[in-house]
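> Sequence unavailable; structure follows:
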């Protein structure tokens with residue numbers, strides 16, 4: 001077996017889900033622990049048996065930061081990155097898509113998936129007028 005042989009890449013399932021417009025995480029079949037990022041085995045019980053689950057995408061801002069430096073093409077500067085704890089208990093990173101520069105911790109948000117964008121997962125405040133969930 002060569003040094004660069006790919007044994008298994010569970011992240012392919014996550015990225016494939018994004019291409020389908022789905023935000024996926026893993027859930028252990030043995031103990032029920034939800035997990036993201038994808039791993040080969042459960043951190044709770046060590047099982048390698050898991051299911052792919054689609055998140056409803058709703059959650060709360062757990063943390064955020066504002067980026068104000070030169071950016072790669074396709075990004076507007078400055079931009080805000082949020083860490084969101086979704087209803088299923090896992091946390092996802094994404095862009096904050098809002099007129100408001102920085103959300104408050106605990107702000108309710110909804111994920112939407114745009115695989116064509118440089119940042120395929122974004123979050124909008126649930127109270128944003130004229131904006132809604134996936135799309």
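Cool, got the structure. Note that the structure is a prediction, hence the values are computed from the model and not measured.
> For the residue nearest to the spatial centre of the chain, give the beta-bridge partners.
The chain has residue 92 as the residue nearest its centroid, 3.3 Å off, counting by CA atoms, centre = their mean. When assigned by DSSP bridges, residue 92 has beta-bridge partners residue 84.
> Verify the stated contact: it with residue 17.
No - using CB atoms under 8 Å, residue 92 makes no contact with residue 17, being 11.9 Å away. (Glycine included, C-beta is placed from N, CA and C.)
> anything in contact with each of the two?
Residues touching both residue 92 and residue 17 by CB atoms under 8 Å, 6 or more residues apart in numbering: residue 23.
> next one: phi and psi at residue 19?
Note on residue 19: its backbone torsions stand at phi -60, psi -30 [degrees, to the nearest 10].
> Tell me, how many residues neighbour the nearest residue to it once chain neighbours are set aside?
Closest residue to residue 19 apart from its sequence neighbours, by CB to CB, 6 or more residues apart in numbering: residue 115 at 5.0 Å. For residue 115, the neighbour count with other CB atoms under 10 Å is 14.
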